[in-house]
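Student: No sequence on hand, only this structure:
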DNA sequence: CTAAAAATGGACCTGCAAGTCCAAAAAGGA
DNA sequence: TCCTTTTTGGACTTGCAGGTCCATTTTTAG
């Protein structure tokens, strides 16, 4: 890691955030360094000063940034899945979030467009999914602890299925524009949990 | 639609199939027309003779081709989901198929890389998803008809959730290489169906 | 057999986007 | 203050991918 001054650090962040925005709007493939330049008010020199390996390196930084954002968004809800009402609130929040942001999904940008190519970005994605699933699993165990879900349930498997449903639902939304599948995945997934009473 | 001779038709197909292969292997973004040329043993002139609108048009043709392939692969199983054993066989086939083809997934190429950009390709994807979900729903109704699943179940919602789970599972596999989530989504989804006895 | 239409090959053009380079300006540090 | 380091601006190079064009060969139809 090189050594930046405060000003340099700010510029670097500005570039990453601007690039992330641009990529959410236009897609990774269609976003050029010049687009980023224009949006962030920076020069070619600056781009390659802060990201010497060029586009690749910027992409990785954007991936990390987006992954952090997703986790930060979800954490508040995921950390307190201690009642059925909380699960419902989480479900509503996820749906509302995707309804609000429409086709601009940081996660999909990360997974489907950046994450596949380089091992580095792939690691970022894998870590994100793993954390997310872990949080869901923790929520389920929380409910088991409170005797609201039976202990016979395979927690990791259920969490994995729920996560997969969400991912798929988002994917469908991104191509068809409809939230139906995301809602169905969440509702059926939670209903499934509720059938497992102790 | 223009008028091709038999030879022309064959060349056109060769181009589409070669392009599909190339795109499955290297990804859409990294596949150039020259790659397609090389692989299919064709010339620039031929490419633009059969696809006057160039790359865009070829992409759409590839999308349609891949969608047809997916449906053709699934249809045999989907059309006879009349017993729990059949559902299990379908589940095993889906998993085996993805285990076999590894990272090369025609569907993901279609959805995540081609399908988002142009309205035409988007329509192809939407239609594919809709047919797939319809087939699953038919399978569920079949089971209801045979009194193996209760009639209280919301068929379309369940089918939508299952489809979302599969899509998400595939997506996770493509980024992490693991089949865990696909298996979990299928197993949990089918288990969910089995709890709805009449 | 011959004329029209379709199929093919490949040279060429063009624009664009990534990346290089260096000089000027600003900030930091003794 | 003066020297060093960082930050910035932007002209320039380079390669490549998409697309055009036209001459040539092959096929088809009457």
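Tutor: Thanks, I have it. Computed from a predicted structure; not experimentally measured. Numbers count the residues shown, from 1 in each chain, chains lettered A, B, ... in the order given.

Student: going forward, measure contacts between C-alpha atoms and count neighbours the same way
Tutor: Will do.

Student: which ones are touching residue A:141?
Tutor: When the contact criterion is C-alpha atoms under 8 Å, 6 or more residues apart in numbering or on different chains, the partners of residue A:141 are residue A:155.

Student: hmm, try it at 10 Å
Tutor: Taking C-alpha atoms under 10 Å, 6 or more residues apart in numbering or on different chains as the definition of contact, the neighbours of residue A:141 are A:81-82, A:135, A:147-151, A:153, A:155-156.

Student: same check, this time on residue A:117
Tutor: Neighbouring residues of residue A:117 by C-alpha under 10 Å, 6+ apart: A:56, A:111, B:26-27, B:175.

Student: What of residue A:179?
Tutor: For residue A:179, the residues meeting the contact criterion (C-alpha under 10 Å, 6+ apart) are A:95-96, A:98-99, A:102, A:169-173.

Student: Repeat that for residue A:174.
Tutor: By C-alpha under 10 Å, 6+ apart, the contact list for residue A:174 reads A:98, A:102-105, A:108, A:168, B:111-112, B:115-116, B:122.

Student: ok, now with 7 Å
Tutor: Taking C-alpha atoms under 7 Å, 6 or more residues apart in numbering or on different chains as the definition of contact, the neighbours of residue A:174 are residue A:103.

Student: Next: residue A:113.
Tutor: The neighbourhood of residue A:113, defined by C-alpha under 7 Å, 6+ apart, consists of residue A:28.

Student: hey, which helix is longest across chain A?
Tutor: Identified as the longest helix of chain A according to DSSP state H is helix A:119-145.

Student: If you compare the directions of the next helix or strand after that one and helix B:119-145, what angle comes out?
Tutor: Scanning the chain past helix A:119-145 towards its C-terminal end, the next helix or strand to appear is helix A:155-176 (assignment: DSSP states H and E). Our comparison of helix A:155-176 with helix B:119-145, counting by axes from the mean of the first three to the mean of the last three C-alpha atoms, to 10 degrees, yields an angle of 130 degrees.

Student: what about the helix or strand following helix A:155-176, near chain B?
Tutor: Read in the C-terminal direction, the helix or strand following helix A:155-176 is helix A:180-195, with elements assigned using DSSP H and E. Yes - when contact is scored as C-alpha under 7 Å from any C-alpha of the partner chain, part of helix A:180-195 falls within range of chain B: A:181, A:184-185, A:188, A:192.

Student: Okay, now the unreliable bits of chain A?
Tutor: Per-residue confidence of chain A (counting by pLDDT under 70) places the weak regions at A:1-2, A:115.

Student: and if we set it to 90?
Tutor: Counting by pLDDT under 90, chain A has low-confidence residues at A:1-3, A:27, A:29, A:101-119, A:121, A:174-175, A:197-198.

Student: mind checking the SS state of residue A:31?
Tutor: Assigned state for residue A:31: coil (three-state reduction, DSSP: H, G, I helix; E, B strand; the rest coil).

Student: I'd say it and residue A:23 touch.
Tutor: Yes - contact criterion C-alpha atoms under 7 Å: residue A:31 and residue A:23 qualify, at 6.0 Å.

Student: Quick one: name the residues of chain A near chain B.
Tutor: Residues of chain A lying close to chain B (C-alpha under 7 Å from any C-alpha) are A:112, A:115-116, A:122, A:126, A:157-158, A:160-161, A:164-169, A:175-176, A:181, A:184-185, A:188, A:192.

Student: Which one's more surrounded, residue A:31 and residue A:23?
Tutor: When neighbours are counted by other C-alpha atoms under 10 Å in any protein chain shown, residue A:23 comes out ahead of the other of residue A:31 and residue A:23, with 25 against 16.

Student: Up against DNA strand C, what does chain A have?
Tutor: If contacts are counted using C-alpha under 7 Å from any atom of the strand, the residues of chain A sitting beside DNA strand C are A:5-7, A:31-34, A:44-45, A:48, A:52-56.

Student: ok, back up a step: mind picking the one among the residues of helix A:180-195 next to chain B that's closest to DNA strand D?
Tutor: Sorting those by distance to DNA strand D puts residue A:181 at the head of the list, at 33.3 Å, by C-alpha to the nearest atom of the strand.

Student: re earlier: between the residues of helix A:180-195 next to chain B, which is closest to residue A:88?
Tutor: Taking C-alpha to C-alpha as the measure, residue A:88 lies nearest residue A:188 of the residues of helix A:180-195 next to chain B, at 11.8 Å.

Student: dump the residue contacts of the closest one.
Tutor: B:158, B:161.

Student: before we move on, the earlier item: any of the contacts of residue A:179 buried? List them.
Tutor: Applying 16 or more other C-alpha atoms under 10 Å in any protein chain shown to the contacts of residue A:179, the neighbour count classes A:95, A:98, A:169-173 as buried.

Student: With respect to residue A:69, which of those is nearest?
Tutor: Nearest to residue A:69 among these is residue A:98, at 14.2 Å by C-alpha to C-alpha.

Student: and the helix or strand encompassing the closest one, which residues are buried?
Tutor: For residue A:98, the element it lies in under DSSP H and E is helix A:84-101. Along helix A:84-101, the positions that meet the burial threshold by neighbour count (16+ other C-alpha under 10 Å) are A:87, A:90-91, A:94-95, A:98.

Student: With distance to residue B:141 added, can I get the residues you listed in TSV?
Tutor: What follows is the buried residues of helix A:84-101, written out as TSV (distance: C-alpha to C-alpha, whole Å):
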residue	distance to residue B:141
A:87	30
A:90	31
A:91	28
A:94	30
A:95	28
A:98	31
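
Student: got a markdown table for the residues you listed, with distance to DNA strand D too?
Tutor: Written out in a markdown table, the entries for the buried residues of helix A:84-101 read as follows (distance: C-alpha to the nearest atom of the strand, whole Å):
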| residue | distance to DNA strand D |
| --- | --- |
| A:87 | 45 |
| A:90 | 40 |
| A:91 | 41 |
| A:94 | 37 |
| A:95 | 37 |
| A:98 | 32 |
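
Student: what sits against residue A:83?
Tutor: Applying C-alpha under 7 Å, 6+ apart, we find residue A:83 in contact with residue A:143.

Student: For it, grab phi and psi.
Tutor: Residue A:83 adopts backbone torsions of phi -150, psi 160, taken as degrees, to the nearest 10.
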